[in-house]
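**Student:** Any chance you can model this:
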Amino acid sequence: MRIERFDWEGAEKTAAAIRLWDPEPDENPDIADAVNEIGQDVKENGDAALERLTARFDATERMPESLRVDPAEAENALQAIDPVLREALKVAAVNIRAVAEAQVSDAQREVRLAQGQTVTMREVPVAAAGIYAPGGRAIYPSSVLMCAIPAQVAGVERVALVSPPGPEGRISESILGAAALCGIDEIYAVGGAQAIFALAHETETIAAVDVIAGPGNTWVQEAKRQVIGMVGIDSYAGPSELMLVAGHDTDPEWAALDLCAQAEHGADSPLVAAAVEEHILDEIKAVTEAMASSRPSVANALLALVQVPETEAAIALANAYAPEHLELLEEDASLMADKVTTAGCVFVGRFGATAFGDYVAGSNHVLPTMETGRFAGPLGPGTFRRRMSTVKITPDAARALAPQADTLARAEGFPVHGESAMIRAKDA
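**Tutor:** Predicted coordinates:
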């Protein structure tokens with residue numbers, strides 16, 4: 001664990017300093033051109049490109065018999081996985097669905113304006129959603145649930161899952177089991193940037209979708225960025241983040257475990273611990289170092305320690321930093337939570353470990369990163385729904401509004417717009 005203390009310079013300056021701190025930057029090659037080449041290949045060559053790229057990047061020992069997976073294979077996988085894992089997935093699915101359903105309303109909102117016209121707002125689901133589930137070293141059946149269930153609750157009729165096949169030419173059994181649990185019967189054994197482009201452009205086997213969601217590596221994220229405009233995406237995700245605010249009664253072992261758990265996401269996952277008392281930070285630092293050194297899955301992540309002058313300053317720092325996950329391990333955490341405005345997800349109180357949100361609490365673990373919590377929120381049914389307006393102009397409204405529409409149109413250089421409104425006024 002790479003640990004650094006930061007002096008308090010005010011919320012904005014301290015947050016900026018933490019964001020800029022990286023004593024051992026990773027060598028990340030510029031992959032935009034390489035990903036663009038993959039996109040062009042998929043667009044021009046369809047399934048042939050997918051098969052060639054899958055053989056190159058994923059199923060190097062045995063290719064899948066078909067890009068599309070038989071739904072029976074997923075059902076068999078659900079029965080074959082460890083019963084304890086199957087039960088955990090079921091608990092998570094029930095909770096994720098309950099939270100997602102609470103976010104959806106089919107009610108229409110009608111506004112009647114002074115001139116007599118009405119504007120009705122309603123939400124409708126997109127027709128098709130694509131879900132990306134990582135494979136290989138990172139296998140996340142929980143992400144299948146987190147993405148697919150909100151899409152289904154949103155009312156999306158077609159949900160297609162893509163996931164890379166392993167060396168044996170098959171998608172991970174746990175991924176397939178999660179898909180079967182969600183009732184997904186359109187599954188493709190293809191991953192990486194090529195899977196994203198297939199969902200955006202379509203191939204002979206894979207039809208295009210309207211929205212693509214799901215986590216992935218740098219290549220997958222770059223591909224998602226490149227298809228924005230052709231399809232919607234959930235987010236352009238960076239490394240996973242955790243900030244925790246520790247109080248005088250915070251258990252340093254619990255806090256250290258939370259930090260180490262987040263560091264399992266990789267060395268580029270930034271961690272922040274803030275506290276008023278310096279000795280609390282000292283204890284968290286010592287225990288975290290000891291735990292990290294004895295747990296092979298914990299990467300050499302960055303941990304910033306910040307002593308703040310008061311609890312309110314810690315919340316100000318959180319709002320300036322906009323972390324993906326924020327843990328408030330204070331005794332008055334509930335009161336503090338109401339003042340948080342930018343975090344992706346807030347975990348309240350000493351029992352509120354981020355791990356619960358990652359898996360079974362019911363909240364979604366696809367969250368805004370890299371300060372995007374300032375304008376974005378968690379993945380949910382809204383990711384797969386769009387707002388529509390329905391406008392009804394009465395004769396009285398046409399007479400009242402046409403002169404104003406004509407004036408504005410001519411001011412903008414569109415006189416025919418004005419004529420289009422005025423002719424209605426004459427016949428109204």
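**Student:** Report pLDDT for the residue most central in space within the chain.
**Tutor:** The residue lying closest to the centre of the chain (C-alpha atoms, centre = their mean) is Val366, at 3.1 Å. In the predicted model, Val366 carries a pLDDT score of 94.
**Student:** and if you look at Ala314?
**Tutor:** In this prediction, Ala314 carries a pLDDT score of 97.
**Student:** Secondary structure element for it, which one?
**Tutor:** helix 311-321 (DSSP states H and E).
**Student:** buried sites along that helix?
**Tutor:** Residues of helix 311-321 classed as buried: 311, 313-321 (neighbour count, 16 or more other C-beta atoms under 10 Å). Any C-beta I mention is one placed from the backbone N, CA and C, and that applies to glycine too.
**Student:** and the next helix-or-strand element following it, C-alpha only, in PDB?
**Tutor:** Past helix 311-321, further along toward the C-terminus, the next helix or strand under DSSP H and E is strand 325-329. Extracted in PDB, the C-alpha atoms of strand 325-329 (Å, rounded to 0.1, in the frame of the first residue of the first chain):
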ATOM      1  CA  HIS A 325     -18.000   5.100  -2.600                       C
ATOM      2  CA  LEU A 326     -18.100   7.100   0.600                       C
ATOM      3  CA  GLU A 327     -18.200   5.500   4.100                       C
ATOM      4  CA  LEU A 328     -19.300   7.600   7.100                       C
ATOM      5  CA  LEU A 329     -18.000   5.600  10.000                       C
END
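**Student:** neighbouring contacts of whichever helix or strand comes after strand 325-329?
**Tutor:** Once strand 325-329 ends, the next helix or strand along the chain (criterion: DSSP H and E) is helix 333-337. Here helix 333-337 makes contact (C-beta atoms under 8 Å, 6 or more residues apart in numbering) with 245, 311, 315, 328, 330, 346, 348-350, 352.
**Student:** re the thing from before, helix, strand or coil: sort out the residue nearest to the centre of the chain for me.
**Tutor:** Look at Val366: counting by DSSP: H, G, I helix; E, B strand; the rest coil, its state is coil.
**Student:** where's it relative to Asp282, distance?
**Tutor:** Going from Val366 to Asp282 by C-beta to C-beta, to the nearest Å gives 35 Å.
**Student:** about what we covered before: give me the distance from the helix holding Ala314 to the chain's centre.
**Tutor:** With C-alpha atoms, centre = their mean, to the nearest Å as the basis, helix 311-321 stands 23 Å off its chain's centre.
**Student:** how big is the angle separating that helix from strand 325-329?
**Tutor:** Relative orientation of helix 311-321 versus strand 325-329 (axes from the mean of the first three to the mean of the last three C-alpha atoms, to 10 degrees): 170 degrees.
**Student:** what helices or strands is helix 311-321 leaning on?
**Tutor:** Packed against helix 311-321, as judged by 3 or more C-beta pairs under 8 Å, 6 or more residues apart in numbering; DSSP states H and E, are the following elements: helix 11-20, strand 242-246, strand 271-275.
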